[in-house]
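[1] Kindly generate the corresponding structure for this input.
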Amino acid sequence: MFSHLKCEYAENPLGIDIRRPRLSWVLESTHRAASQTGYQVLVSSGTEMLLANKGDLWDSGRVMSADSSQIVYNGLEPRSRQYCCWKVRIWDGNGVPSDWSYAAQWEMALLDPADWQAKWIGTPAFDPESRTYTPPSPFFRKVFEVPKTVSSARVYVCGLGFYELYINGAKVGDHVLSPNQTNYDLRDLDQLAYPFDDKTAQRVDYLTFDVTNSLIAGKNAIGAILGNGWYNQRDRLAEGDMWYGSPRLIVQLEIKFADGTRQALWSDETWSVSDAGPIIHNGLFTGERYDARLEMDSWSSPGFDAATWLPAILMPAPSGRLTAQYSLPDRVVGTIASVTSILEAPEVTRFDFGQNLAGWARIRVEGARGTSVPMQFAEDNDRAYAQSDCYVLKGGGEEIYEPRFTWHGFRFMDVVGTSELRNRIRVEARVVHTDVEDTGTFQCSNELFNRILHNCRWSQHSNMHCGVPSDCPHRERVGYTGDWGHVSAEAAIFNFDMSRFYTKWINDISDAQNFDTGYVPHSAPYEGGGGGPPWGSAFVTLPWLLHLYYADRRVMEEHYTGMKRWVEYLKTRTDKDGIVVREEPGDWDLGEWATPTRIEIPPALVSTCYYAHVAQLMAKCAGLLGKDADIAYFKSLADAAATAVNQRFFDEKRGQYWEGRQGANVFPLAFGLVPPEHRKAVFDRLVEIIVNDNHSHFDTGIFATRLVLGVLTAGGWGDLAYDMMNQQTQPSFGWQIAQGATTLWENWNGESSHNHAMFGGVCQWFYQALAGINPDPEVPGFRHIVIRPYPLGNLSHAEARYRSVHGEIGSSWVKNEEGFHLNLTIPGNCTATVILPSTSGSRIYESGLPVAKAAGVSPLGLREGCVAFRIESGSYRFSAV
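    Numbering: from 1, shown residues only. So this is what the prediction gives:
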């Protein structure tokens with residue numbers, strides 16, 4: 001009956017600091033028209049009370065509502081560390097109550113700064129005057145006594161930049177590259193490539209772990225290792241000096257004993273630290289140097305002799321407030337064996353993993369003590385970007401090594417060594433990324449399209465690290481707002497559960513915003529980089545998408561002021577005619593970035609179109625939030641921007657914008673800026689340009705590529721969109737794949753990075769157009785679904801599944817000589833509008849019956865030459881013959 005009981009998009013989260021968390025559940029049913037008319041939620045402070053159907057924290061009572069997501073906890077004010085267990089029951093369409101669901105739970109984190117007794121600690125071995133030097137990774141430890149039987153234990157921890165925590169010799173948790181990257185602290189930005197008035201806000205993420213089973217009676221030891229991460233990133237200085245400071249650690253362990261008493265242990269100057277460990281260098285861009293001869297066996301166990309270790313020193317606390325990490329952690333999610341190994345050069349062995357990926361290598365090797373194993377990593381265009389690791393053997397048998405505090409973007413790994421070493425080494429690639437769950441699948445009869453989606457998913461995974469979507473996993477690794485804020489956000493949402501990931505990143509964008517002017521920089525957390533107004537506009541588009549796909553209004557409510565401030569900032573960037581012509585002094589305005597040839601479309605055209613677009617979205621947001629005065633205000637801004645675009649760039653005689661490149665016409669068409677009386681002429685001109693000038697190839701950069709597919713399909717030229725996606729010659733995805741691409745490329749010609757996710761926005765077209773799964777803005781979160789598949793080109797079948805917040809949606813169709821056949825699955829408590837392609841005289845059946853006799857199907861008449869129906873939840877089999 002029930003599944004996926006979640007709190008803040010997570011199942012049984014441990015350590016949240018949202019005082020009014022939101023709950024959700026999925027109604028599972030195999031029956032048609034399964035619905036919910038009411039619900040009751042019980043939240044208890046203990047499982048016994050919940051079993052007795054007593055909600056001492058909250059009893060919602062019977063709430064007459066069909067909502068099953070975004071249910072705000074409205075009970076007693078939660079305390080720090082509060083344990084909350086909950087369950088739900090619903091009333092169906094006939095008013096009959098269900099059984100209670102299974103029990104779920106969440107636990108509050110530390111809600112008050114006064115809850116923290118722990119101090120930030122570090123090591124004295126650091127030279128703050130050096131621009132590039134970083135010392136070896138510090139190891140920390142503390143021995144303590146556990147005198148009684150433990151009933152529960154929690155540890156709250158953060159280490160900047162990265163950390164690994166250990167108790168009694170075992171690592172705590174399976175996270176890697178933790179914590180998530182944020183604007184941690186105040187910093188002295190120097191030698192910047194672009195001027196930046198730093199008015200960022202700061203926050204630092206910590207995590208909570210259940211370590212009850214890690215403790216033993218008697219002596220125990222807790223320890224941690226720190227890496228530099230983004231906090232002390234001194235590897236890449238192309239954007240300027242971006243580091244915050246030397247690594248530092250905060251840990252608070254709280255133990256509850258079976259007799260009800262408590263004990264706490266926290267980081268302070270009584271801890272010991274050593275810089276004599278084996279990680280002699282670690283850097284995001286330059287990798288890790290590990291000397292196994294310096295390993296300190298059992299360093300995190302109670303019996304270790306730490307006589308040579310020094311007392312840890314107290315460190316200044318980062319200016320960022322400590323907040324419970326909201327987004328998912330990075331994990332090692334897979335292992336790939338090398339496909340081939342060949343002698344690339346004398347004493348250089350190349351291992352090929354057959355797939356461009358992000359992560360690192362794990363090696364198993366035997367050799368003499370002191371033997372070095374240098375490793376260099378390169379993607380499939382043979383570019384290494386200075387990515388390397390080096391392992392020094394301790395000798396005495398097989399040794400296993402993989403790094404801790406770096407990642408690489410690669411397909412190839414080169415190992416330098418003698419033939420004897422080459423015969424004694426085995427290599428695996430470890431796939432690492434933020435551990436978002438898969439939510440969508442798509443496949444069709446066109447294998448090229450399947451391969452494009454494969455490459456998209458690998459690029460998106462490769463560029464999710466530390467809760468930030470990056471441009472590439474090697475050269476820059478920067479959270480460019482344009483790359484993921486517009487271009488591939490919807491494709492990512494179809495592929496993966498991006499709810500927690502994007503919520504966290506929107507916080508980063510908010511933190512990066514200049515609270516005086518409203519300016520949003522091109523990257524968040526701020527790490528420099530070029531861009532322009534379309535980049536900062538992610539601060540509006542992403543909250544809108546979270547509303548559209550997850551029915552999430554809270555993000556919009558929390559950030560509305562900042563979103564409004566951004567649009568008003570754009571208003572100040574216009575010339576006398578209302579065209580957005582500038583951003584910050586010295587900024588690099590990229591416009592329609594990464595076109596097949598040199599960029600020709602004026603950035604001012606692109607920027608002003610986006611100004612109009614985000615003003616339109618803000619009018620919708622204002623309406624949803626009941627801000628009536630702002631609705632007219634933002635509509636007036638959007639109308640003024642549209643007028644400015646048409647007056648400056650529209651050539652009425654030729655029916656085109658600017659000089660008639662695809663993108664120049666696509667932006668006004670996609671954002672509804674074309675005057676209605678000219679829309680057909682502009683659309684026809686776009687088709688003419690694509691067919692005659694570009695021979696049905698793309699002529700677009702990162703923003704217009706996905707948009708042109710939607711514009712063509714909605715305008716009745718879906719087959720042309722199909723042809724563009726199906727091309728095999730330059731510029732095309734097919735040509736890249738023919739060259740061996742296993743991920744998406746930064747440029748159409750492949751001259752730069754071969755692992756950029758930004759062109760992956762086209763994959764939303766697979767789900768939305770070919771499979772036909774679309775959200776309804778009027779009933780967001782897929783409570784009502786618009787199913788409109790387009791059987792384009794020579795496709796004979798297509799199938800997609802998407803797990804929404806209300807359950808799994810399925811759409812699968814086959815086109816053959818008998819007609820068009822569509823199988824659908826609509827989740828419980830949801831409805832759908834189905835729009836079927838139909839020719840004159842077609843007969844429509846559902847599950848073998850004339851559609852007029854089918855249960856749960858209501859005809860809606862003809863729409864644009866198609867036949868439409870409204871259906872309830874359940875499984876359906878439509879045929880148009």
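[2] Please name the spatially closest residue to residue 691 (chain neighbours excluded).
    Leaving out its chain neighbours, the residue that sits closest to residue 691 by Cβ to Cβ, 6 or more residues apart in numbering is residue 720, at 7.0 Å. Where you see a C-beta, it was placed from the backbone N, CA and C, and this is true even at glycine.
[3] And that neighbour, its phi and psi?
    phi -70, psi -40 (degrees, to the nearest 10).
[4] any idea of the pLDDT on it?
    We have a pLDDT of 98 for residue 720.
[5] what about it, how many residues close to it?
    Counted with other Cβ atoms under 10 Å, the neighbours of residue 720 add up to 21.
[6] do residue 386 as well
    Neighbour number of residue 386 under other Cβ under 10 Å is 15.
[7] which residues touch it?
    Contact analysis of residue 386 by Cβ atoms under 8 Å, 6 or more residues apart in numbering lists 285, 286.
[8] now do residue 738
    Counting by Cβ under 8 Å, 6+ apart, residue 738 touches residue 728.
[9] Now do the phi/psi pair for it.
    When quoted as degrees, to the nearest 10, the phi and psi of residue 738 stand at phi -60, psi -30.
[10] what do you get for residue 669?
    With angles defined as degrees, to the nearest 10, residue 669 sits at phi -70, psi -50.
[11] which SS state does the closest residue to it other than its chain neighbours fall under?
    The shortest distance from residue 669 to any non-neighbouring residue, by Cβ to Cβ, 6+ apart, is to residue 711 (4.9 Å). Put simply, residue 711 is helix when judged by DSSP: H, G, I helix; E, B strand; the rest coil.
[12] Look up how far residue 672 lies from residue 711.
    11 Å (Cβ to Cβ, to the nearest Å).
[13] between those two, who's got more neighbours?
    For residue 711 versus residue 672, the count of surrounding residues by other Cβ under 10 Å is larger for residue 711: 23 against 13.
[14] Quick one: residues contacting the spatially closest residue to residue 229 that is not a sequence neighbour.
    Spatially, and ignoring its direct neighbours in sequence, residue 229 is nearest to residue 161 (2.1 Å; Cβ to Cβ, 6+ apart). Residues near residue 161 by Cβ under 8 Å, 6+ apart: 226, 227, 228, 229, 230, 231, 232, 233, 247, 405.
[15] Repeat the analysis, applying 6 Å as the threshold.
    Applying Cβ atoms under 6 Å, 6 or more residues apart in numbering to residue 161 gives the contacts 227, 228, 229, 230, 231, 232.
[16] ok so the fifth one is a strand residue?
    It refers to residue 231. No - if the criterion is three-state DSSP, then residue 231 is coil and not within a strand.
[17] any idea how far residue 550 is from it?
    Using Cβ to Cβ, residue 231 is found at 31 Å from residue 550.
[18] next SSE after the longest strand seen in the chain?
    Ranked by number of residues, the top strand in the chain under DSSP state E is strand 348-365. Per DSSP states H and E, strand 348-365 leads on to strand 372-378 as the next helix or strand towards the C-terminus.
[19] now for that next one, which elements pack on it?
    strand 388-392, strand 408-416 (3 or more Cβ pairs under 6 Å, 6 or more residues apart in numbering; DSSP states H and E).
[20] got the angle for that strand vs strand 348-365?
    Here the directions of strand 372-378 and strand 348-365 differ by 120 degrees (axes from the mean of the first three to the mean of the last three Cα atoms, to 10 degrees).
[21] So, low pLDDT: which residues of the protein?
    126-129, 839-841 (pLDDT under 70).
[22] residue closest to the middle of it?
    By Cα atoms, centre = their mean, the chain has its centre lying nearest to residue 501, at 4.6 Å.
[23] isn't it right up against residue 327?
    Yes - counting by Cβ atoms under 6 Å, residue 327 is a contact partner of residue 501 at 5.1 Å.
[24] Following the chain onward from the helix or strand hosting residue 623, which element is next?
    Using DSSP H and E, residue 623 falls within helix 603-624. Per DSSP H and E, helix 603-624 leads on to helix 628-649 as the next helix or strand towards the C-terminus.
[25] Name the residues of that following helix that come out as buried.
    Within helix 628-649, the residues that count as buried by 16 or more other Cβ atoms under 10 Å are 630-631, 633-635, 637-638, 640-642, 644-646, 648-649.
[26] returning to that earlier point: so which of the helices and strands packed on strand 372-378 comes closest to residue 61?
    Taking Cβ to Cβ, strand 408-416 is the member of these nearest to residue 61, at 53.1 Å.
[27] Packing partners of that closest one?
    Using 3+ Cβ pairs under 6 Å, 6+ apart, strand 408-416 sits against strand 348-365, strand 372-378.
[28] May I have that strand exported as PDB, CA atoms only?
    What follows is strand 408-416 as a C-alpha-only set of coordinates in PDB (Å, rounded to 0.1, in the frame of the first residue of the first chain):
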ATOM      1  CA  HIS A 408      40.500  12.400 -11.600                       C
ATOM      2  CA  GLY A 409      38.700  12.500 -15.000                       C
ATOM      3  CA  PHE A 410      40.100   9.800 -17.100                       C
ATOM      4  CA  ARG A 411      39.800   6.800 -19.400                       C
ATOM      5  CA  PHE A 412      43.500   5.900 -19.500                       C
ATOM      6  CA  MET A 413      46.000   5.400 -16.700                       C
ATOM      7  CA  ASP A 414      49.700   5.400 -17.500                       C
ATOM      8  CA  VAL A 415      52.100   3.600 -15.100                       C
ATOM      9  CA  VAL A 416      55.800   4.300 -15.300                       C
END
